[in-house]
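K.L.:
3D, please:
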Amino acid sequence: MRAAKILAGCTYGPETLKAIGKAFDDAWGNIAEHFAGDARRAEAARERLAHAVLVASEDSQDTELLKTMALQIMALSYRGSWLDPGGKF
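P.N.:
Numbers count the residues shown, from 1 in each chain. The predicted model follows:
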């Protein structure tokens, strides 16, 4: 799974890694249903989400804030993209 490799390849302290992992899991839980039934789209979305959480983590270790920022980044980057064919994201 590429998303896991992206997150594992970063060098952060244990508390930051814990916050990043929880934010990723919580954010994915909010959007996973949008990618159900299409493994290729789901994997691409998870990879994008991993990057989004890492970008957000530069400003905070607050899990809820990281999740919210990552979801905002995801929404902005996917509107009209091939990952959002019906504009449902």
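
K.L.:
Any buried residues in the helix or strand residue 30 falls within, and which?
P.N.:
Assigned by DSSP states H and E, residue 30 belongs to helix 14-31. Buried residues in helix 14-31, counted by 16 or more other C-beta atoms under 10 Å: 17, 19, 20, 23, 24, 26, 27, 28, 31. In this view, the C-beta of every residue, glycine as well, is placed from N, C-alpha and C.

K.L.:
Would you mind giving me the confidence score for the closest residue to the fifth one other than its chain neighbours?
P.N.:
Put plainly, it is residue 24. Spatial nearest neighbour of residue 24, chain neighbours left out: residue 53 (4.8 Å); criterion: C-beta to C-beta, 6 or more residues apart in numbering. Residue 53 carries a pLDDT score of 90 in this model.

K.L.:
returning to that earlier point: now, among the buried residues of helix 14-31, which is nearest to residue 66?
P.N.:
When the buried residues of helix 14-31 are ranked by distance to residue 66 (C-beta to C-beta), residue 23 comes first, at 3.5 Å.

K.L.:
in terms of contact, does that closest one touch residue 63 like I think?
P.N.:
Yes: assessed by C-beta atoms under 8 Å, residue 23 is found in contact with residue 63 at 5.0 Å.

K.L.:
With respect to residue 38, which of the buried residues of helix 14-31 is nearest?
P.N.:
For the buried residues of helix 14-31, the residue nearest residue 38 by C-beta to C-beta is residue 31; the value is 13.1 Å.

K.L.:
My guess is that closest one contacts residue 48. True?
P.N.:
No: using C-beta under 8 Å, residue 31 is not in contact with residue 48, being 10.3 Å away.

K.L.:
residues bridging contact with those two, i.e. touching both?
P.N.:
Shared contacts of residue 31 and residue 48, defined by C-beta atoms under 8 Å, 6 or more residues apart in numbering, comprise residue 74.

K.L.:
Now do the same contact list for the residue nearest to the spatial centre of the chain.
P.N.:
When the chain is reduced to its mean C-alpha position, the nearest residue by C-alpha atoms, centre = their mean turns out to be residue 49, at 2.0 Å. Listed by C-beta under 8 Å, 6+ apart, the contact set of residue 49 reads 3, 24, 27, 28, 31, 70, 74.
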